[in-house]
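# no sequence on this one, just coordinates:
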């Protein structure tokens, strides 16, 4: 208890707390200058090629900037690029460094993307309307060169936990507007308040589904989760939903008709912790 009180005091000193802009007690910037996540999913063919040629899969590393305890920018890319120690020309030529700018206006949170250097990312925008602190009501996602945009509706259970996200595609042209219901994601939590499973049904036009994706989250620690305020980034969204920190993740894609597994992958984490018992995600 003394440690928690001390951390609260330190957080307020670091971020100049006031009633209008209360800093989160636990945030990544207080414990690590950057955090890392596993790289994007590889197909079975890519996985075998990586193993055959003994290619090391680079971690993606991200740094965060804050104003008054609220995140305002995420800068990311391969960890070796951020440390200027890349040795593979292929990795260098596929520089994935990018900046996500976060802006808040009233109950809205907007995220926009911009490139670093010669690599040009597709322009993208995320517009969140908030239901409450760290609880989106809906999300509008737009991308350049697309006639459609994505609209996501969030619903919550009575205890405030995320229960479901319904994903729509909205098409607009000179003839009018049409809306397709693309997917439904259901969220399941355990008694400790940690995300246990996400079931995603990919829908057809008649709302029947042939594909289900089951994602499971296991081996939770008992430490404070420093990601709880980072709902707006894809690489931290799942972690932001839990009280503690999962150390095992599995994803399984199923053909509903046959029950066949058409694609599975997963990761394990060995986390290190600081003196206050908070996990340091700058080492995975």
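Received, thanks. No experiment lies behind these values; they were computed from the predicted model shown.

# for the stretch 51-200 of the chain, what spans make up the strands?
60-67, 70-78, 98-105, 108-115, 124-132, 135-143, 148-156, 162-173, 176-189, 195-203 (DSSP state E, counting those that start in this stretch).

# who does the first one pair up with?
By that I understand strand 60-67. Under the criterion DSSP bridges, strand 60-67 sits next to strand 35-37 (antiparallel), strand 70-78 (antiparallel) in its sheet.

# now render these as TSV, adding distance to residue 181 and mean pLDDT.
All C-beta spots, glycine's among them, are computed from the backbone N, C-alpha and C. Formatted as TSV, these follow (distance: least, CB to CB, whole Å; pLDDT from 0 to 100):
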stretch	distance to residue 181	mean pLDDT
strand 35-37	30	68
strand 70-78	30	83
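
# out of those, which one sits most buried?
Of all the strands paired with strand 60-67, strand 35-37 carries the top mean neighbour count, a mean of 23, counting by mean count of other CB atoms under 10 Å.

# name all residues that make contact with the residue found closest to residue 246 once you drop the neighbours it is linked to in the chain.
Leaving aside its sequence neighbours, residue 246 sits nearest to residue 217 (CB to CB, 6 or more residues apart in numbering; 4.1 Å). Residues near residue 217 by CB atoms under 8 Å, 6 or more residues apart in numbering: 194, 195, 196, 197, 238, 242, 246, 248, 249.

# of all the strands paired with strand 60-67, which lies closest to residue 262?
strand 35-37 (24.2 Å; CB to CB).

# about what we covered before: compare the strands paired with strand 60-67 and give me the one nearest residue 131.
With CB to CB as the criterion, residue 131 lies closest to strand 70-78 of the strands paired with strand 60-67, at 17.3 Å.

# please tell me how far residue 266 sits from residue 188.
Shown here: residue 266 relative to residue 188, a distance of 18 Å by CB to CB, to the nearest Å.

# same deal with residue 194?
Counting by CB to CB - residue 194 and residue 188 are separated by 10 Å.

# quick one, which of the two is more surrounded?
residue 194 (19 against 13; other CB atoms under 10 Å).

# once you drop chain neighbours, what's closest to the more buried one?
residue 242 (4.2 Å).

# what of residue 180?
residue 169 (4.6 Å).

# the one you found: neighbour count?
Neighbours of residue 169 (other CB under 10 Å): 16.

# same check, this time on residue 171
Residue 171 is flanked by 14 other residues according to other CB under 10 Å.

# how about residue 203?
Using other CB under 10 Å, residue 203 has 18 other residues around it.

# ditto for residue 122
Residue 122, neighbours per other CB under 10 Å, totals 10.

# try residue 65
Neighbours around residue 65, by other CB under 10 Å: 13.

# how near is it to residue 234?
18 Å.

# what of residue 260?
For residue 260, the distance to residue 234 - CB to CB - is 28 Å.

# same question, residue 99
In terms of CB to CB, residue 99 sits 15 Å off from residue 234.

# which SS state does residue 237 fall under?
On the three-state scheme (DSSP: H, G, I helix; E, B strand; the rest coil), residue 237 is labelled helix.

# touching, it and residue 229? I think so.
No - assessed by CB atoms under 8 Å, residue 237 is found out of contact with residue 229, at 11.5 Å.

# the more surrounded of those two?
Using other CB under 10 Å, the more surrounded residue of residue 237 and residue 229 is residue 229, with 20 against 14.
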